[in-house]
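# Fold the following.
(2 chains)
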Amino acid sequence: MKGIEIKKVTKRYREVTALDNVSISFELGKIYGLLGRNGAGKSTLINIVSNRIFADSGEILIDGIPAKENMAVHDKLFCMSETDLYDKDLKVIEHFKWTKRFYADFELEKALALSEKYKLDTNKRFRALSKGYQSIFKLIIALSLAAPYVIFDEPVLGLDANHRELFYSLLLKEFESGERTFIIATHLIEEVSNIIEEVVLIDKGKVLLKDSVENLLENGYGVSGAKAAVESFCKGKNVIGFEELGGLKIAYIIGKKAALPKDGSLQISAINLQKLFVKMTGEEF
Amino acid sequence: MNISQSAEKPIFIQIAEQLEDNIFTGVFPEETQIPSMNEISALLGVNPHTVLKGMNLLTDEKIIYKKRGLGMYVSTGAVEKIRRKRQSRFYEQYIAALIEEATKLKMTKEDIIELLERGYKNEGHRD
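Below you'll find the predicted structure:
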């Protein structure tokens, strides 16, 4: 099977269970959003998939091949990670050349062209780059690799709005062929909501949901109006959260949209991905 | 073209409607090529599969068609087709909504007819 399969993966750090028997798969040809609150287990999952740490139990298959310390899958997957594993004293251009040695699919020409686009000075040492440009540097490496599976862990950290837009459009351009899979782990949910096709939501070491963005948005909605009217409308429905402002009540509901009462006493509103996420993973206030 | 995040309409429907609008107003004339899935995807920052889904709605209605190896083209008669479709939706989309809002505001049928006549006069249309 083409894709990344994660089978019954568990990872514990002392008494903390970072991943609890997680099974999930990522198909080839889709852009995924990997969402979760701080400490939910996203980075642990990414690090296991990319062979940086090992699971206590369970296995990862890439295109059906076991991924653990296996050179046969090395060129299939690349992970742009949030933490800096790069030698800080090396120049950008030298980093590019080293990457080329480790990854046959790395296109140096493309990296140089992208550096120009982003105005990244390739003669600077990594340590001399600003926070934003360190991110840009890592993005350029990820975008210049023709690997079928690329994971972006917090790709736009420290990037200004122009550079973020540039990244998203470059990402879509790379995706054009459709023969690749991108997994984007991010907290900037609304920014990626149009780009990603499916959402994987991790909470407390477990997969809380995996669904298409379209389904999620279609099946989630808000209803607002007078408190009593909203409460009677909500009966028997899956309410994931609500807010109150004086006599006004807003309820967030998952499920098929039901017809509103004809008298216009209630209003229906769309719910965005971020709201849905916050309501599903939040504590009651 | 642009996408509204807060709108209740799914993105693929917004894309279909905006392409349709551009065909209707002659931005993309009949028998000419419309932008490709990838071009629209990059322009709007939207997943190409979502764009394709929107384009498929127009293909199903035979407003656009695929020229093999060339791309998507506007069908002959597309503008007339869109006009007929929109006319048949006019009642539901505007008249029913108008009556609902007017009832909420306690406006009578006579009030509405008077407003309609004033509107036609002000906008310089003859009925």
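# A:Val239 contacts A:Ala251, correct?
Yes - with contact defined as CB atoms under 8 Å, A:Val239 reaches A:Ala251; the gap is 5.3 Å. Just so you know, the C-beta spots here come from the backbone N, C-alpha and C atoms, and that holds for glycine as well.
# Now do the same contact list for A:Ile268.
A:221-223, A:257, A:260, B:8 (CB atoms under 8 Å, 6 or more residues apart in numbering or on different chains).
# What residues does A:Ile6 make contact with?
Taking CB under 8 Å, 6+ apart, one finds A:22-25, A:45, A:49, A:58, A:60 in contact with A:Ile6.
# before we move on, the earlier item: out of A:Val239 and A:Ala251, which sits in the busier spot?
The neighbour comparison of A:Val239 against A:Ala251 (other CB atoms under 10 Å in any protein chain shown) goes to A:Ala251, with 22 against 18.
# In PyMOL, how would I pick out whichever of the contacts of A:Ile6 are buried, leaving the exposed ones unselected?
Burial among the contacts of A:Ile6 is assessed by 16 or more other CB atoms under 10 Å in any protein chain shown; the matching PyMOL selection reads:
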select buried, chain A and resi 22+24+45+49+58+60
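# now, among the contacts of A:Ile6, which is nearest to A:Leu171?
A:Val49 (18.9 Å; CB to CB).
# hang on, that closest one packs against A:Ile151?
Yes - if you go by CB under 8 Å, A:Val49 and A:Ile151 touch, sitting 6.8 Å apart.
# Name only those of the contacts of A:Ile268 that count as buried.
A:221-223.
# Closest one of those residues to B:Ser88?
Nearest member of the buried ones among the contacts of A:Ile268 to B:Ser88, counting by CB to CB, is A:Tyr221, at 27.5 Å.
# what's the helix or strand where that closest one lies packed up against?
Here A:Tyr221 sits within strand A:220-226, counting by DSSP states H and E. Judged by 3 or more CB pairs under 8 Å, 6 or more residues apart in numbering or on different chains; DSSP states H and E, the packing partners of strand A:220-226 are helix A:227-234, strand A:248-254, strand A:266-270.
# quick one: strands adjacent to that strand?
Next to strand A:220-226 in the sheet, as set by DSSP bridges, lie strand A:248-254 (antiparallel), strand A:266-270 (antiparallel).
# Now do that strand against helix A:227-234, angle only.
150 degrees (axes from the mean of the first three to the mean of the last three CA atoms, to 10 degrees).
# Format the CA atom coordinates belonging to strand A:220-226 as CSV.
Written as CSV, here are the backbone C-alpha positions of strand A:220-226 (Å, rounded to 0.1, in the frame of the first residue of the first chain):
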residue,chain,number,x,y,z
GLY,A,220,-20.2,21.7,12.4
TYR,A,221,-22.2,24.8,12.9
GLY,A,222,-23.2,27.4,15.4
VAL,A,223,-26.7,28.4,16.5
SER,A,224,-27.3,31.6,18.3
GLY,A,225,-30.4,33.3,19.8
ALA,A,226,-32.3,33.7,23.0
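# Pick out the residue closest to the middle of chain B.
Nearest to the geometric centre of chain B sits B:Glu17, at 4.0 Å (CA atoms, centre = their mean).
# and that residue, which of the three is it?
Secondary structure for B:Glu17, judged by DSSP: H, G, I helix; E, B strand; the rest coil, is helix.
# just to revisit the earlier point, turn the contacts of A:Ile6 into CSV, including distance to chain B.
Output for these, formatted as CSV (distance: CB to the nearest CB, whole Å):
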residue, distance to chain B
A:Val22, 25
A:Ser23, 25
A:Ile24, 20
A:Ser25, 18
A:Leu45, 22
A:Val49, 22
A:Gly58, 30
A:Ile60, 25
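# Sitting in helices, which of the contacts of A:Ile6 do you find?
Residues of the contacts of A:Ile6 located in helices (DSSP state H): A:45, A:49.
# Low-confidence ranges, the chain, go.
Picking chain A for this. Along chain A, segments meeting pLDDT under 70 span A:177-178, A:283-285.
# wrong one, I was asking about chain B
B:5-7, B:125-127.
# Please enumerate the helices of it.
Assigned by DSSP H, the helices in chain B fall at B:11-24, B:37-44, B:48-60, B:78-90, B:96-104, B:109-122.
# Which of the helices and strands packed on strand A:220-226 sits closest to A:His74?
Using CB to CB, the nearest of the helices and strands packed on strand A:220-226 to A:His74 is strand A:248-254, at 40.7 Å.
# which phi and psi does the spatially most central residue of chain A have?
Nearest residue to the geometric centre of chain A (CA atoms, centre = their mean): A:Ala185, 2.5 Å. As for A:Ala185, its main-chain torsions (degrees, to the nearest 10) stand at phi -100, psi 120.
# before we move on, what about A:Gly255?
phi 140, psi 170.
# Settle this for me: it is touching A:Ile240, isn't it.
No - applying CB under 8 Å, one finds A:Gly255 not in contact with A:Ile240, separated by 10.0 Å.
# the more surrounded of those two?
Using other CB under 10 Å as the criterion, A:Gly255 and A:Ile240 rank with A:Ile240 on top: 18 against 13.
# Kindly indicate which of the buried ones among the contacts of A:Ile268 lies nearest A:Val213.
A:Tyr221 (14.7 Å).
# for that closest one, what are its contacts?
Per CB under 8 Å, 6+ apart, neighbours of A:Tyr221: A:252-253, A:257, A:268-271.
# Relative to A:Lys256, how far out is it?
9 Å (CB to CB, to the nearest Å).
# for the nearest residue to A:Leu19 once chain neighbours are set aside, helix, strand, or coil?
What sits nearest to A:Leu19 in space, not counting adjacent residues and going by CB to CB, 6 or more residues apart in numbering or on different chains, is A:Lys11, at 4.4 Å. With three-state DSSP as the basis, A:Lys11 sits in strand.
# Spell out which parts of chain B neighbour chain A.
B:3, B:5-8, B:10-12, B:38, B:41-42, B:44-50, B:100, B:104 (CB under 8 Å from any CB of the partner chain).
# Alright, I will stop here.
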